[in-house]
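Participant: what's the 3D shape of this:
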Amino acid sequence: MIRRRPMIVLAAVAAALAVGLGLALRPPPDSEPGAVEAVTIATNTEYLGACPVMAAQSQGYFTRHKLSVKLQPHSSGKQALNAVLANQADMATVADIPVMFAGLSGIPVQVFGTIFRSSQDHGVVGRRDHGIQQAGDLKGKRIGVSLGTSGHFALDVLLNRLHLDTRDVQLLNYSSDALQRALAEGEVDAVSGWDPFLGLIEQNLGANAVRFSGQDVYESIYNMVAPSLYLRQRPHVAIRILRALELGERFCREHPAEATAYLTRLTPESRATLLARWPSYHFGLELDQSLLLVLEDQSRWAIKGGLVTASAVPNFLDYLYLDGMKAVSPTEVTVIY
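Facilitator: The predicted structure is shown next:
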């Protein structure tokens, strides 16, 4: 036994060295196994909610997680989702409204992560010289809006608060990036939308503008969405995307000045306004039960307003993909399932 002890000690030392060497050679925790994956993300590159995506791209977080990402710019989540459905992109950033319409139409897409929330960025801007001084003056007016978007829903909620509905106004459909021209040229009396477009419209009109905030009226929930088949076939890609976005949303929280630089159309004045509101914006990676409740409420709104042919609210749990978030940040999954 005494003669074998040195051999045992040597074996133990060798084992310890092997473990240490293995740890030294192990890739860093944020490294991903497998080949680099190419992904096209359709997103509104002029919307603050897309900051985590743009930060993940510019700061190299996608590259760190073996992703070769192309950002495809769109002026609304509705357009971004349409690009995915037309096989022009793999995934999209969208607010809750496009997800709701997809559910009512039976389109097989799923939210695999929420990246941003805000109740500050929607509202209505009207022209004072068109007789709009307060929110109640919207009655009988022509309002430009991108139908079927969060701007449309937020407007309906605001009108309801004023004891009005869409029959009391004239809605005219424009793409979100055409609203400024429509209001400036007097085609409409007011427009409903979201920042930064809304802030730029307000600045363009100057003293002639009056804005009615969507605060306490509508909270925008901004999400990552992909076709259900894509998520089933490439779950590892969803996990890599989420890990990169986790770093991206942290960057947006902690570096507001750098983050606003992603919004290239901002004027110095609108940038200052955005920075002043920064504490009210919520950047965070999650899948929360509240999203299901919002989608159900919005479905009832769409059905009642005759915006869809569906007559029943679907089970929106089918439109959430939980596995990615459960792998990346399980404590941020509060969906009851």
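Participant: Report all helices and strands that the helix or strand that contains residue 303 contacts.
Facilitator: When elements are assigned from DSSP states H and E, residue 303 belongs to helix 289-304. If you count contacts as 3 or more Cβ pairs under 8 Å, 6 or more residues apart in numbering; DSSP states H and E, helix 289-304 packs onto helix 96-104, helix 150-161, strand 220-227. C-betas here are computed from N, CA, C, even on glycine.
Participant: list the helices and strands the second one packs on?
Facilitator: Spelled out, it's helix 150-161. Against helix 150-161 (3+ Cβ pairs under 8 Å, 6+ apart) you get helix 96-104, strand 122-127, strand 142-145, strand 190-194, helix 289-304.
Participant: one more time with 7 Å, if that's ok
Facilitator: Packing contacts for helix 150-161, counted by 3 or more Cβ pairs under 7 Å, 6 or more residues apart in numbering; DSSP states H and E, involve strand 122-127, strand 142-145, strand 190-194, helix 289-304.
Participant: shouldn't residue 89 be in contact with residue 41?
Facilitator: Yes. Counting by Cβ atoms under 7 Å, residue 41 is a contact partner of residue 89 at 6.5 Å.
Participant: Just give me the lowest mean pLDDT stretch among the helices and strands packed on helix 289-304.
Facilitator: Here the helices and strands packed on helix 289-304 differ in mean pLDDT, and the lowest is helix 150-161 at a mean of 90.
Participant: And the next helix or strand after that one, what's buried?
Facilitator: Once helix 150-161 ends, the next helix or strand along the chain (criterion: DSSP H and E) is strand 170-173. For strand 170-173, the buried set under the neighbour-count rule, 16 or more other Cβ atoms under 10 Å, comprises 171-172.
Participant: now stretch 151-167
Facilitator: 151-159, 164.
Participant: repeat for stretch 262-281
Facilitator: For stretch 262-281, by 16+ other Cβ under 10 Å, it's 262-263, 266, 270-271, 273-274, 277-278, 281.
Participant: Could you let me know which of those residues ends up closest to residue 142?
Facilitator: residue 270 (25.1 Å; Cβ to Cβ).
Participant: which residues pair with residue 123 across the strands?
Facilitator: Here residue 123 sits in beta bridges with residue 193, residue 213, as judged by DSSP bridges.
Participant: what's the neighbour count on it?
Facilitator: Residue 123 has 24 neighbours, counted by other Cβ atoms under 10 Å.
Participant: now residue 300
Facilitator: Count around residue 300 with other Cβ under 10 Å applied: 11.
Participant: Backbone dihedrals for the spatially closest residue to it that is not a sequence neighbour, both of them.
Facilitator: Closest residue to residue 300 apart from its sequence neighbours, by Cβ to Cβ, 6 or more residues apart in numbering: residue 313 at 6.4 Å. Main-chain dihedrals, residue 313, degrees, to the nearest 10: phi -80, psi 130.
Participant: what's near enough to touch residue 313?
Facilitator: By Cβ atoms under 7 Å, 6 or more residues apart in numbering, the residues touching residue 313 are 296, 299-300.
Participant: What pLDDT does the model give residue 16?
Facilitator: Model confidence at residue 16 (pLDDT) stands at 46.
Participant: got it, and residue 89?
Facilitator: Listed pLDDT for residue 89 reads 98.
Participant: Next one: the nearest residue to residue 100 once chain neighbours are set aside relative to residue 199, how far apart?
Facilitator: Closest residue in space to residue 100, ignoring its immediate chain neighbours: residue 298 at 4.3 Å, by Cβ to Cβ, 6+ apart. The gap separating residue 298 from residue 199 is 25 Å, by Cβ to Cβ, to the nearest Å.
Participant: residues of stretch 292-312 that come out buried?
Facilitator: 292, 294-296, 298-299, 301-303, 307.
Participant: what's the most distant pair in those residues?
Facilitator: Farthest pair in the buried residues of stretch 292-312, by Cβ to Cβ: 292 and 307, 19.9 Å.
Participant: which residues sit in contact with residue 54?
Facilitator: 45, 262.
Participant: What's the local residue count around the closest residue to residue 269 other than its chain neighbours?
Facilitator: Leaving aside its sequence neighbours, residue 269 sits nearest to residue 203 (Cβ to Cβ, 6+ apart; 5.9 Å). Number of residues near residue 203 (other Cβ under 10 Å) recorded here: 17.
Participant: wait, is residue 203 part of a helix?
Facilitator: Yes. Assessed with DSSP: H, G, I helix; E, B strand; the rest coil, residue 203 lies in a helix.
Participant: Centroid-nearest residue for the chain?
Facilitator: Centroid check for the chain by Cα atoms, centre = their mean gives residue 222 as the closest residue, at 2.6 Å.
Participant: Tell me if I'm right that that one and residue 116 touch.
Facilitator: Yes. Counting by Cβ under 7 Å, residue 116 is a contact partner of residue 222 at 4.0 Å.
Participant: shared neighbours of these two, anything?
Facilitator: Contacts common to residue 222 and residue 116, judged by Cβ under 7 Å, 6+ apart, are residue 49.
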